[in-house]
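Student: Can you look at this prediction? I've put the sequence above it.
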Amino acid sequence: AIGTEGVGDGDRRTLVGSQGGGAGLHDHGSVYLLDGNRTVWSESTADSYFDVTMLENGTVAAGFMHGGYRECGPYDAPCARTGFRIIDPGPDPTVVSEFSFPVRTRGNSEVHDVEPLPEGGYVVTDMDYERIVVVRNGSIEWQWNASSVYDAPADPTREDWLHINDVDYLGDDRFLVSVRNANQLLVVERGEGSEGGEVVEVVNAVDDESDEDGVGIASKELLNSQHNPQWLDPGAVLVADSHNNRIVELHRNNETGEWEEAWTLSSAEGTAFRWPRDADRLENGNTLVTDSLNGRIVEVNESGAAVWSYKAQYVPYEADRLPEGEQPSGERYAAGDAVGPSSVPVLTSLLNAVRASYPLPYWIAELQLALAIVSLGMVFGGVGTVVWSRVRGRSR
């Protein structure tokens, strides 16, 4: 069974951002701290929470989305706003500050990631305008817009164009950016002034010699709608390869410069991953995985064996092991064979789409979906035969 109580040691402290449940996963969002499998505290005043980071002073920065606001700018009230909150756990967890802005729609317009910067302030993803921004003292100090390298629609707020869902500060004014809908990771170097930057690295570049930057919609074989990459070192990155239902560690080939699979994991505890959205290489050498649609957080070793797991009530988005948090470096694994079952084209994508709209029991897999489709086909086929027979009977 997944999330088995008592697997491994009970002294693991894990901070979790939970997107929630219900239709569209827009209900029951929360941020909570686990000590082993015990909940120490929880804050749940937002429809959805996403990436979470514990700050040096013990407060928590969390990306969020929430509805019911009256201050809506160009949109009609009530509206949804997104941004990040600072939460003071304390004896009674409380939101002590908020940076947010109104969005046109609740879905695919959220701030999924916020990270503190060494010199103060925060770097934030904004998938409404498809950019990353540096926020300091409540104001945007700098921004990089994806339209500088991708072909933008007339109004990116009206469609889920790129879905930029993660940003990490790598040092030296460089940021690792996850562009989900392009199936790419970019390393962006901040430019001078309040806007602009240069893409200095592309993971999963477009195979097109005419595209000098290698950006565009890339192949889904290496990465497919990924989340929360972790830069292990200049030649290795760990990624939650979400729509491929696996965790993958990519290494740069020193001879060709191409990024290649070095280590993959597609199941743990005998259960295949379903839309994993976070993977962190821990200081102890293990990997912490947030297996969203199975509602589980699991720690595995390099061989893929689970050493700790937790079954969540709702859909978790991201988890950090404390006190280390997610680091911009980590131990790389040796290249090896894939671990766990592979996905089934078409059925896997369909199952992920259903699960992303409404949580299903973890045991429903491609086989159960195929049987359900066949059964429905037989039912509707039988009904059609009966109706047709009656119509023919009446016409005689």
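Tutor: Received the coordinates, thanks.
Student: use CA for all of it now, contacts and neighbours both
Tutor: OK.
Student: In this structure, what helix or strand scores lowest on average pLDDT?
Tutor: Least confident helix or strand, the chain: helix 347-357 with a mean of 56, by mean pLDDT, DSSP states H and E.
Student: now the helices for the chain?
Tutor: For the chain, applying DSSP state H gives helices covering 347-357, 366-395.
Student: In terms of mean pLDDT, which of those ranks lowest?
Tutor: In terms of mean pLDDT, the lowest-scoring of these is helix 347-357 (a mean of 56).
Student: how far away is L288 from L170?
Tutor: Using CA to CA, to the nearest Å, one gets 20 Å for the distance from L288 to L170.
Student: show me where pLDDT drops low in the stretch 251-396 of the chain?
Tutor: Flagging of the stretch 251-396 of the chain using pLDDT under 70 yields the residue ranges 337-371, 374-396.
Student: switch the cut-off to 80
Tutor: Within the stretch 251-396 of the chain, the stretches with pLDDT under 80 are 336-396.
Student: Now do the contacts for the closest residue in space to V239 that isn't next to it in sequence.
Tutor: Setting aside the residues directly before and after it, V239 is nearest to P229 in space (CA to CA, 6 or more residues apart in numbering), at 4.3 Å. Residues in contact with P229 (CA atoms under 8 Å, 6 or more residues apart in numbering) are D166, S178, V237, L238, V239, A240, D278, A279.
Student: can you rerun that using 10 Å?
Tutor: Counting by CA atoms under 10 Å, 6 or more residues apart in numbering, P229 makes contact with 166-168, 176-178, 185, 237-241, 247-249, 277-280, 328.
Student: thought V200 was touching V177?
Tutor: No: if you go by CA atoms under 10 Å, V200 and V177 don't touch, sitting 11.5 Å apart.
Student: Give me the more crowded residue out of the two.
Tutor: Per other CA atoms under 10 Å, whichever of V200 and V177 has more neighbours is V177, with 25 against 12.
Student: what about V96, distance to V60?
Tutor: V96 is 10 Å from V60, by CA to CA.
Student: which neighbours do these two share?
Tutor: Counting by CA under 10 Å, 6+ apart, the common neighbours of V96 and V60 are R85, I86, I87, D88, P89.
Student: Next, give phi and psi for the closest residue in space to the last one that isn't next to it in sequence.
Tutor: For P89, the nearest residue in space outside its immediate sequence neighbours is T59; the separation is 6.4 Å by CA to CA, 6+ apart. For T59, the backbone dihedrals are phi -80, psi 170 (criterion: degrees, to the nearest 10).
Student: and T59, how far is that from I87?
Tutor: Relative to I87, and taking CA to CA, T59 is found at 6 Å.
Student: Give the residues shared as contacts by these two.
Tutor: Taking CA under 10 Å, 6+ apart as the contact rule, T59 and I87 both touch P93, T94, V95, V96.
Student: mind giving me TSV with those and columns for distance to V40, neighbour count and pLDDT?
Tutor: Shown next, in TSV, are the shared contacts of T59 and I87 (distance: CA to CA, whole Å; neighbours: other CA atoms under 10 Å; pLDDT from 0 to 100):
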residue	distance to V40	neighbour count	pLDDT
P93	11	16	97
T94	14	17	98
V95	17	16	98
V96	19	11	98
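Student: circling back: and L288 and L170? Which one has more around it.
Tutor: L288 (25 against 19).
Student: Check whether that one really touches A305, as I assumed.
Tutor: No: the criterion here is CA under 10 Å, and L288 misses it with A305 at 11.7 Å.
Student: which residues are in contact with both of the two?
Tutor: With CA under 10 Å, 6+ apart as the test, L288 and A305 both reach V298, E299.
Student: before we move on, the earlier item: okay, the residue nearest to V239: pLDDT?
Tutor: For P229, the predicted pLDDT is 98.
Student: What of S219?
Tutor: For S219, the predicted pLDDT is 91.
Student: what do you get for the one 5 residues further on?
Tutor: What the model reports for N224 is a pLDDT of 98.
Student: OK, contacts around it?
Tutor: Residues in contact with N224 (CA under 10 Å, 6+ apart) are 180-184, 218, 240-246.
Student: Sort these by pLDDT and name the bottom one.
Tutor: Across the set of these, A218 stands lowest in pLDDT, at 94.
Student: out of everything not next to it in sequence, what's closest to that residue?
Tutor: V206 (5.0 Å).
Student: wait, the one you found sits on L222?
Tutor: No: assessed by CA under 10 Å, V206 is found out of contact with L222, at 11.4 Å.
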